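Undergrad: For reference, the sequence and a predicted model appear below.
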Amino acid sequence: RLYQIPFEMPDCEGESETRTLHLVGDFSAPAEFFVTLGVFSFLYAMAALVLYLRFHSLYGENKKLPIADFCITVCFAFFWLVAAAAWGKGLTDVKAATRPASLIAAMAVCQGLEVVCNAGATPAMGLANISVVR
């Protein structure tokens, strides 16, 4: 929800005046889907572990239970692939929306002829990239 993040920037016309810049975009849906699927996968894994360890005889005697377990696991694997792709696209969109050069281009104060704006260092996105790989 980048639109909720305000940036204060100076206004060249008044020394104590500031303007507020709001970022554009809401990329929360892919992240929420990714996290929700991770939580459900964890809960299913814990339930399956209890079934395997506590009710081992029930799992061995019933022939439909292993097939149902396999089908649920395949569904989780497919949705995990979809969620990782959606989060990867969402992260790419977040990077594009928060790129320092695009933020400077959106600032009206930097549009003057004699104004020189510098973005500084590019933010580190290594941990965000790793979150997609997981």
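TA: Yep, it's here. Quick caveat, the model's predicted, so the values are computed rather than measured.
Undergrad: From the centroid of this protein, which residue is nearest?
TA: Ala31 (3.6 Å; C-alpha atoms, centre = their mean).
Undergrad: how close does that one sit to Thr18?
TA: 30 Å (C-beta to C-beta, to the nearest Å). Using the backbone N, CA and C atoms, a C-beta is placed for each residue, glycine as well.
Undergrad: Equivalent analysis for Ile130, please.
TA: Separation of Ile130 from Thr18 (C-beta to C-beta): 36 Å.
Undergrad: Which one of the two is surrounded by more residues?
TA: Thr18 (12 against 9; other C-beta atoms under 10 Å).
Undergrad: my read: the more buried one touches Glu8, true?
TA: Yes. Look at Thr18 against Glu8 with C-beta atoms under 8 Å: they come within range, at 4.8 Å.
Undergrad: And the longest helix belonging to the chain, what's buried?
TA: Identified as the longest helix of the chain according to DSSP state H is helix 64-97. Using 16 or more other C-beta atoms under 10 Å as the test for burial, helix 64-97 gives 76, 83-84, 86-88, 90-91, 94, 97.
Undergrad: and which of those residues is nearest to Gly112?
TA: Using C-beta to C-beta, Ala97 is the member of those that sits closest to Gly112, with 23.9 Å.
Undergrad: give me the element the closest residue to that closest one other than its chain neighbours is part of.
TA: Of all residues not flanking Ala97 in the chain, Gly25 sits nearest, at 4.7 Å (C-beta to C-beta, 6 or more residues apart in numbering). Using DSSP states H and E, Gly25 sits in no helix or strand.
Undergrad: ok, now which ones touch the residue nearest to the centre of the chain?
TA: Contacts for Ala31 were tallied using C-beta atoms under 8 Å, 6 or more residues apart in numbering; they are 87, 90.
Undergrad: Please identify the helix or strand for it.
TA: Using DSSP H and E, Ala31 maps to helix 28-54.
Undergrad: Distance from that helix to the middle of the chain?
TA: Using C-alpha atoms, centre = their mean, to the nearest Å, the mean C-alpha position of helix 28-54 is found 18 Å from that of the whole chain.
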